[in-house]
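**Student:** Here is my input; please provide its structure:
(4 chains)
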Number of protein chains: 2
Amino acid sequence: MRKTTSGEIDLIWTQPPPPPRQRALGRDEIVTAAIAVADESGLDAMTMKAVAARLGDYTPMALYRYVHNKDGLVDLMLDAAAAEIPLPARPGPDWLEDLRTLAMDSRRMIGRHPWFARLVHTRPPAGPHMMRRLEFMLAVLVRQGATVAAAMTYAALIDRHITGSGLQEAEEARIERRYGLDDHAKLFAALATLHDLAAADGGLPHLTGWLAQPFGPTPEEQFTLGLGFLLDGIAGRLSAHASDGV
Amino acid sequence: MRKTTSGEIDLIWTQPPPPPRQRALGRDEIVTAAIAVADESGLDAMTMKAVAARLGDYTPMALYRYVHNKDGLVDLMLDAAAAEIPLPARPGPDWLEDLRTLAMDSRRMIGRHPWFARLVHTRPPAGPHMMRRLEFMLAVLVRQGATVAAAMTYAALIDRHITGSGLQEAEEARIERRYGLDDHAKLFAALATLHDLAAADGGLPHLTGWLAQPFGPTPEEQFTLGLGFLLDGIAGRLSAHASDGV
DNA sequence: CTGCAAAGTTTACGTGATATACAATTCATA
DNA sequence: TATGAATTGTATATCACGTAAACTTTGCAG
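**Tutor:** This is a model prediction of the structure:
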């Protein structure tokens, strides 16, 4: 950055020799840094300044030569995240297993990058890795007899479930973080507040009861359950059509 | 507002008598105005300034006496929107119909207030109307034999589907708006760009094919389909448990 | 009337994105 | 190896937001 805070005296001797900035910045480095910042500190902390700082001694403006604007950077982040989802080269023998595995892997990626779920709905899925992933789902479904249009619908349903889960879990994590990650006590207090609110209403017996003992299936179990419902439904449709054709 | 742009001379005579601001602002008026702004111009346009302006001749700071801060205003907006969803006093005879109707009504509300889906995941559902709506779903499900914990899970699955649909449709609408709402030509061009991108990859036959003829079920049909899958799955679970008990 | 509480406004500050102009560095080439 | 052009990064400035603090205006109660 080497910015001289106006007013300070900046003798050469007070500064160690600047590290020889050998090969320049690049898109990949910037995207990686942005992802790291967003992972660690949340989307709101991912400012151009924070990303630049993470890359070393840079000003925010240094990034603009490589990424047009922040929106472009976000596009790149999304596709980089999508690239982390392992993708078989071709559909395997068990199509349900293909879809289930893809869904679980996608979910894991979102677990690593919670911001993904919040950003993916703000732009078309035009990145190459996003497209390849969608193509895989389409291929799997079409091979089972779905039209491409139907396959798009089914894929959208599954993805909706994945990102919806991600959003919800990210929210819970953020709330936990905000009310003090140090201690379960704070979190408990927040739940108690909700409980009292519900109890005060008087007409919310079930909700109040649950808030008093807020336990149930783990998020992963909930996810798997919902995924199963959707896959069952899709399978039903496909077999119905298949027998139609016979 | 009556702000004097610094430098201008502001003789009383140059200004018409200010409209006699009789009964003050209030939370409800502010929330209504905020919702109107967000509905018409999108979430990003919903700034404190825009809301104040919509209410008449006010400065942004005028709102702060009533809503603490913008986040509080958002909380109020969410619950006001939730209040628009009609809610039967008690579960009816057909529990599936109850859930389906609630889901469709919720979906319609989100259609009117697309920002809802984007905001609802950023905070706990602590508003009274949100809570009452959730309580209704729980009541319906518990009455069918679900535990409260299971009912929470099922309700979350349904809501995820509702807001997920809302997000996706809002995105499509926003894209259409951004690339010129005037004309189908612009939208078509955007799709053509996507199509070319996909075609350029070479390995995306299904996606490319669909982009060449991007038709399929309407969003509403997609929604109903997915909702059906989920309700079928839930019904299956409930009846399985019921027969367990026998 | 008078004086105080409530309602609104002014001003100011911090942060963020980003346009524009500039400086420094690197590299190719003569 | 010298030199000028291209590349890379910085400085500076602007604009929009949210919001704190202090101030002014308004309207009603005594």
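
**Student:** pLDDT score for A:Q22?
**Tutor:** Here, the pLDDT recorded for A:Q22 equals 53.

**Student:** what do you get for A:I9?
**Tutor:** Listed pLDDT for A:I9 reads 50.

**Student:** how close does the spatially closest residue to A:R27 that is not a sequence neighbour get to DNA strand D?
**Tutor:** Nearest non-adjacent residue to A:R27, counting by Cβ to Cβ, 6 or more residues apart in numbering or on different chains: A:Y66, 5.2 Å away. For the C-beta atoms, the positions are set from N, CA and C on the backbone; glycine is no exception. Using Cβ to the nearest atom of the strand, to the nearest Å, A:Y66 is found at 7 Å from DNA strand D.

**Student:** Would you mind measuring from A:Y66 to chain B?
**Tutor:** According to Cβ to the nearest Cβ, to the nearest Å, A:Y66 stands 21 Å off from chain B.

**Student:** Geometric centre of chain A: which residue is closest?
**Tutor:** With distances taken as Cα atoms, centre = their mean, A:F116 lies nearest the centre of chain A, 2.5 Å away.

**Student:** Might one say that it is in contact with A:A80?
**Tutor:** No. With contact defined as Cβ atoms under 8 Å, A:F116 does not count as touching A:A80 (10.0 Å).

**Student:** got a list of contacts for the lowest-mean-pLDDT helix or strand in chain A?
**Tutor:** In chain A, the helix or strand scored least confidently by mean pLDDT, DSSP states H and E is helix A:184-201, which has a mean of 83. Helix A:184-201 has contacts (Cβ atoms under 8 Å, 6 or more residues apart in numbering or on different chains) with A:175-176, A:179-180, A:204, A:207-208, A:211-212, A:214, B:124, B:126, B:128, B:131-132.

**Student:** Can you pull the domain assignment for chain A?
**Tutor:** Following automatic domain parsing, one finds the domains of chain A at A:12-67, A:86-178+A:216-245.

**Student:** looking at the ones you listed, which is closest to DNA strand C?
**Tutor:** For the domains of chain A, the distance to DNA strand C is smallest for domain A:12-67, at 3.3 Å, taking Cβ to the nearest atom of the strand.

**Student:** which element is A:A24 on?
**Tutor:** Using DSSP states H and E, A:A24 maps to neither a helix nor a strand.

**Student:** Now, of the contacts of helix A:184-201, which are buried?
**Tutor:** Using 16 or more other Cβ atoms under 10 Å in any protein chain shown as the burial test, the contacts of helix A:184-201 include A:Y179, A:L204, A:L207, A:T208, A:L211, B:P128, B:M131, B:R132 as buried.

**Student:** measure A:V148 to A:F188 for me?
**Tutor:** Shown here: A:V148 relative to A:F188, a distance of 50 Å by Cβ to Cβ, to the nearest Å.

**Student:** Just want to know which of the two has more residues nearby.
**Tutor:** Between A:V148 and A:F188, counting by other Cβ atoms under 10 Å in any protein chain shown, A:V148 is the more crowded of the two (22 against 12).

**Student:** ok, and the closest non-adjacent residue to that one?
**Tutor:** B:W210 (4.7 Å).

**Student:** Quick check: which of the contacts of helix A:184-201 has the minimum pLDDT.
**Tutor:** Lowest pLDDT among these: A:G180, 57.

**Student:** just how off-centre is the longest helix belonging to chain A within its chain?
**Tutor:** Secondary structure of chain A read by DSSP state H shows that its longest helix is helix A:148-178. Put simply, helix A:148-178 sits 9 Å off its chain's centre (Cα atoms, centre = their mean, to the nearest Å).

**Student:** Which secondary structure elements does the helix or strand A:A235 falls within sit against?
**Tutor:** Using DSSP H and E, A:A235 sits in helix A:219-245. Counting contacts by 3 or more Cβ pairs under 8 Å, 6 or more residues apart in numbering or on different chains; DSSP states H and E, helix A:219-245 packs against helix A:95-112, helix A:148-178, helix B:148-178, helix B:219-245.

**Student:** tell me what the third one is packed against?
**Tutor:** Where contact means 3+ Cβ pairs under 8 Å, 6+ apart, helix B:148-178 is packed against helix A:148-178, helix A:205-212, helix A:219-245, helix B:95-112, helix B:115-119, helix B:128-143, helix B:184-201, helix B:219-245.

**Student:** need these in CSV with distance to DNA strand C, can you?
**Tutor:** Compiled in CSV, those are given as follows (distance: least, Cβ to the nearest atom of the strand, whole Å):
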stretch, distance to DNA strand C
helix A:148-178, 17
helix A:205-212, 34
helix A:219-245, 30
helix B:95-112, 28
helix B:115-119, 18
helix B:128-143, 23
helix B:184-201, 20
helix B:219-245, 30
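
**Student:** With distance to A:A89 as added columns, please give these in a markdown table.
**Tutor:** Shown next, in a markdown table, are those (distance: least, Cβ to Cβ, whole Å):
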| stretch | distance to A:A89 |
| --- | --- |
| helix A:148-178 | 19 |
| helix A:205-212 | 45 |
| helix A:219-245 | 22 |
| helix B:95-112 | 38 |
| helix B:115-119 | 36 |
| helix B:128-143 | 43 |
| helix B:184-201 | 15 |
| helix B:219-245 | 29 |
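
**Student:** How much space separates A:M61 from DNA strand D?
**Tutor:** As for A:M61, its distance to DNA strand D is 4 Å (criterion: Cβ to the nearest atom of the strand).

**Student:** same thing with A:L96?
**Tutor:** 46 Å.

**Student:** Kindly report the same for A:A212.
**Tutor:** Distance of A:A212 to DNA strand D, given as Cβ to the nearest atom of the strand: 32 Å.

**Student:** OK, contacts around that residue?
**Tutor:** Neighbour list for A:A212: A:H195 [criterion: Cβ under 8 Å, 6+ apart].

**Student:** re the thing from before, what's around the residue nearest to A:V148, how many residues?
**Tutor:** Quick note: B:W210 (other Cβ under 10 Å) scores 22 neighbours.

**Student:** what does A:T193 give?
**Tutor:** Look at A:T193: counted by other Cβ under 10 Å, it has 14 neighbours.

**Student:** For the residue nearest to A:R107 when sequence neighbours are not counted, give me its contacts.
**Tutor:** If the residues on either side of it in the chain are set aside, A:R107 comes closest to A:I162, at 5.6 Å by Cβ to Cβ, 6+ apart. A:I162 is in contact with A:A103, A:S106, A:R107, A:I110, A:F223, counting by Cβ under 8 Å, 6+ apart.

**Student:** from those residues, which is closest to DNA strand D?
**Tutor:** Distances from DNA strand D to those, taken by Cβ to the nearest atom of the strand, are shortest for A:I110, at 27.9 Å.

**Student:** Now that closest one. Nearest residue, chain neighbours left out?
**Tutor:** A:G166 (3.8 Å).

**Student:** Tell me who's in contact with the one you found.
**Tutor:** A:R107, A:I110, A:G111, A:P114, A:F116, A:A117.

**Student:** out of the residues you listed, which is most surrounded?
**Tutor:** A:F116 (25 neighbours).

**Student:** Check whether A:L43 really touches A:F116, as I assumed.
**Tutor:** No. Contact criterion Cβ under 8 Å: A:L43 and A:F116 do not qualify, at 9.9 Å.

**Student:** shared neighbours of the two, anything?
**Tutor:** Residues touching both A:L43 and A:F116 (Cβ under 8 Å, 6+ apart): none.
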